[in-house]
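S.K.: take this sequence and fold it.
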Amino acid sequence: MNLGNTIVMELKSNWRGYLVFILVMAFIVGGFVQAFPSVAGAFEDDLKGSEYIEIEVEDGDGYQDVTLSWDEVETADNYTLKMGPTPSMLVPNEIHGIEGSVHTVRLEEVDGEIPEMYFVIVAVSDGTGEFIGIETNFDRAEGLIEFIGLDYSDLRGVLSMFWGVFFILLIGIYIAYISVNSVSKDYDDRRMDILLTKPISRRQYLLEKFSTVSLYSLMLLVVVGLITVASVYSLGELDTVSASTLFNTTVLSWPVFLVIISATFLAAVYLENSKKAVGFAFLFVLIQFGLDTVGSMASGMEYLKDFTVLSYWDHEALFYGEAVNWTQVGLLFLLSALLIGAAVMLFEKKDVPG
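M.R.: Numbering: from 1, shown residues only. Next comes the predicted model:
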């Protein structure tokens, strides 16, 4: 039996589960992209009444002058200015009895930095306050971007977050699971010795299983890539990130999953027990994800990224139009080949339980 026929038979026997996961991923990816306008809207400056207030900021030596001007209210006797570090903490800092519609506040540096402040203007008439609007002396979107490291008002930032978290975890864990089961189920069902009495070598058996899961993972990524392109096109955002970039970035994650497949095949051969092998597979994916996440977010821990294969698929750089690092792609293919080669060598030497 040649390799092509074996792959077809394997896919036929497991097509329902494979198809369900492809459809689930297509739904998740398509839905996530469609949610982009809502995510981007959260980064817009939508402070209530900010359209009625103009703010000018002038930096000095150790201080900042903030000049606020607002639309006058004909019935107002005067105005009250409330200030605070958040929109809900304004009461302790109030300036009452402001005449006219312009007022300047001087903010002194604290620990070498100008404090970020919210300003609320209230029109006072017969002792009653009427809210006019709220403004700030800083760019709220830039503050969030600096904190999280990505611009979620840009589709590329949203995609980078999704691909770096949900994409890797969902597909990585699923691929690891089916990779382990592809081999360990034959141990659990005690039919491995029977399979190997047929005219098929141990090497051929393992490589055919590996090829089947690898081909399926590639098919999955192609479908996800096409769904992503179609969903971004429906939003009219292909001028932000091109169709080729979306598709290539998705498909170029394949070498990462090949490493996951190879590592879990090696675990399945070594452990022979599906529960232990599945536990290792999940742990392997989670450790890779954890090292990459901590290395990306924690200052001084960047070296952790050297120990995870995920850092060799720089999806964020690809989304922003940087060139593909083919050396890193080649290293992933090489690592995958070494791992599956080790699995084959181990499998050829192990005694198969009857």
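
S.K.: let me know the average pLDDT across stretch 127-138.
M.R.: Averaging pLDDT along stretch 127-138 gives 84.

S.K.: need the contact partners of that stretch.
M.R.: Applying Cβ atoms under 8 Å, 6 or more residues apart in numbering, the contact partners of stretch 127-138 are 47-53, 55, 57, 64, 66, 68, 70-71, 73, 76, 79-80, 87, 107, 114, 116-124. C-beta here means a position set from N, CA and C on the backbone, and glycine is covered the same way.

S.K.: and if we set it to 7 Å?
M.R.: Under the contact criterion Cβ atoms under 7 Å, 6 or more residues apart in numbering, stretch 127-138 has outside partners 47-50, 52-53, 55, 57, 64, 66, 68, 70, 73, 80, 87, 116-123.

S.K.: in ChimeraX, select just the buried ones from the residues you listed.
M.R.: The ChimeraX selection below is limited to those of the contacts of stretch 127-138 classed as buried (16 or more other Cβ atoms under 10 Å):
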select :47,52,53,64,66,68,70,73,80,117,118,119,120,121,122,123
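
S.K.: and the most centrally placed residue in the chain, what helix or strand is that in?
M.R.: The geometric centre of the chain, computed from its C-alpha atoms, lies nearest to residue 161 (Cα atoms, centre = their mean), at 2.5 Å. According to DSSP states H and E, residue 161 maps onto helix 155-162.

S.K.: need the CA coordinates for whichever helix or strand comes after that helix. PDB is fine.
M.R.: Where DSSP H and E defines the elements, the next helix or strand beyond helix 155-162 is helix 168-188. Provided in PDB are the C-alpha atoms of helix 168-188 (Å, rounded to 0.1, in the frame of the first residue of the first chain):
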ATOM      1  CA  ILE A 168      -2.100  28.600  19.000                       C
ATOM      2  CA  LEU A 169      -3.900  27.100  22.000                       C
ATOM      3  CA  LEU A 170      -7.000  25.800  20.100                       C
ATOM      4  CA  ILE A 171      -5.200  24.400  17.100                       C
ATOM      5  CA  GLY A 172      -2.100  23.400  19.000                       C
ATOM      6  CA  ILE A 173      -3.900  21.400  21.700                       C
ATOM      7  CA  TYR A 174      -6.200  19.700  19.200                       C
ATOM      8  CA  ILE A 175      -3.400  18.800  16.800                       C
ATOM      9  CA  ALA A 176      -1.400  17.400  19.800                       C
ATOM     10  CA  TYR A 177      -4.400  15.400  20.800                       C
ATOM     11  CA  ILE A 178      -5.100  13.700  17.500                       C
ATOM     12  CA  SER A 179      -1.300  13.100  17.000                       C
ATOM     13  CA  VAL A 180      -1.100  11.200  20.200                       C
ATOM     14  CA  ASN A 181      -4.300   9.200  19.600                       C
ATOM     15  CA  SER A 182      -3.100   8.300  16.100                       C
ATOM     16  CA  VAL A 183      -0.500   6.000  17.600                       C
ATOM     17  CA  SER A 184      -1.500   5.400  21.200                       C
ATOM     18  CA  LYS A 185      -4.900   4.100  20.400                       C
ATOM     19  CA  ASP A 186      -3.300   1.200  18.700                       C
ATOM     20  CA  TYR A 187      -1.400   0.400  21.900                       C
ATOM     21  CA  ASP A 188      -4.600   0.800  24.000                       C
END
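
S.K.: elements contacting helix 168-188?
M.R.: helix 15-34, helix 202-235, helix 254-271, helix 274-297 (3 or more Cβ pairs under 7 Å, 6 or more residues apart in numbering; DSSP states H and E).

S.K.: can you do 10 Å?
M.R.: helix 15-34, helix 192-195, helix 202-235, helix 254-271, helix 274-297 (3 or more Cβ pairs under 10 Å, 6 or more residues apart in numbering; DSSP states H and E).

S.K.: how far does the first one sit from the chain's center?
M.R.: Right, helix 15-34. Helix 15-34 sits 17 Å away from the centroid of its parent chain (Cα atoms, centre = their mean, to the nearest Å).

S.K.: could you pull up the mean pLDDT of it?
M.R.: Here the average pLDDT along helix 15-34 is 82.
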